[in-house]
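Chemist: what would the 3D arrangement of this be:
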Amino acid sequence: MEHEEKRPIYPDVTVTALKDSVKFVEIRDDDGKNYYGGDQEWYKEKVAQDGACGTVAAANITAYLAGNDIKYSGLYNYPDFSKTNFLAHMYDLYKYLSPYYIPFKNFPLGIWPMSKFIRGVEKFARSRNVSLKGQGVEKLAVCRSALHNSVNEDSKFSRNNIADFIKNGLIRNSPVAMLIGFNNNLKNIEVQQPNGYSFVQRSFATHWVTVTEIKEDKINDKITVKVSTWGGYSYFDLDDYINGETVYICLVYFN
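Modeler: You can find the predicted model right below:
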């Protein structure tokens, strides 16, 4: 009987996550309600409420890093993650990373491109005497078909490369900021909060979220990400993120 070469066994489902992806940045208000990261609705200003989701993603990332690595401790200047203190932290970030808007009308245009997000966070870190370097990948597409046709194994924004980029951040215990552009697929997605409350968000278009987990299901050929958004968490298919886009998307993590 000929000797059969043994092949390595790979799990059919793998999850790559932050070390504390269950609690992430666990914020608590005075009534004992918990949140999974911040919420732009906590800002008082209308422009910030409508357009500062990227600032919240940056606040989530810097707070998480500060709480999980002593070399990043200067990124968060408050004793706990109470809602009052975390909102103050969100305003700290807002000084360095705020949305574009139309003057006099206070109409928000969001935070983009990737370079603006990275510069803002790096500048905030320097103000706290902390060294942070942003790692990012971005994709510009003039239409959905152009993006779809460009997504292949050789593209830096292919499905596998995006998954690898997210995993590289999470393996370093660094949350990954994800900008969703004018996406046609990410609609009517449930947002869950740690206290059990949930709601359905009609659209995730033109919105920053913070990736805390990625699950690869080789049996069903599906890749799912868990993201922090609007004070809760959601799950969606990575293919919907890629193939539903019409204009611009990017991902960033810091180390």
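
Chemist: is Y78 in a helix, a strand, or coil?
Modeler: Using DSSP: H, G, I helix; E, B strand; the rest coil, the structure places Y78 in coil.

Chemist: that one: how many residues sit nearby?
Modeler: When neighbours are counted by other C-beta atoms under 10 Å, Y78 registers 15. (Glycine included, C-beta is placed from N, CA and C.)

Chemist: so it is in contact with Y91, correct?
Modeler: No. Using C-beta atoms under 8 Å, Y78 is not in contact with Y91; the gap is 11.5 Å.

Chemist: quick one: the helices in the stretch 151-255 of the chain?
Modeler: For the stretch 151-255 of the chain, applying DSSP state H, counting those that start in this stretch gives helices covering 159-171, 238-243.

Chemist: and those helices: which comes nearest Y96?
Modeler: Comparison of these against Y96 by C-beta to C-beta identifies helix 159-171 as nearest, at 20.7 Å.

Chemist: and the closest one, which residues are buried?
Modeler: Residues R159, I162, A163, F165, I166, K167, G169, L170 are the ones in helix 159-171 that count as buried (16 or more other C-beta atoms under 10 Å).

Chemist: who are the packing partners of that helix?
Modeler: If you count contacts as 3 or more C-beta pairs under 8 Å, 6 or more residues apart in numbering; DSSP states H and E, helix 159-171 packs onto strand 13-17, strand 134-140, strand 176-180, strand 207-217, strand 222-229, helix 238-243, strand 248-254.

Chemist: what does it contact?
Modeler: Helix 159-171 is contacted from outside by 16-18, 21, 135, 137, 151, 153, 155, 175-176, 211-214, 216, 223, 225, 238-239, 241-242, 251, 253, using C-beta atoms under 8 Å, 6 or more residues apart in numbering.

Chemist: show me what contacts the one residue sitting closest to the centre of the chain?
Modeler: Centroid-nearest residue in the chain, with C-alpha atoms, centre = their mean: T210, separated by 1.9 Å. Residues near T210 by C-beta under 8 Å, 6+ apart: F24, G37, A57, N60, I61, P175, V176, A177, M178, V227, S228, T229.

Chemist: in those residues, find the pair that's most separated.
Modeler: The most widely separated members of the contacts of T210, counting by C-beta to C-beta, are F24 and M178 (14.4 Å).

Chemist: just to revisit the earlier point, which one of the contacts of T210 is nearest V200?
Modeler: Nearest member of the contacts of T210 to V200, counting by C-beta to C-beta, is T229, at 12.6 Å.
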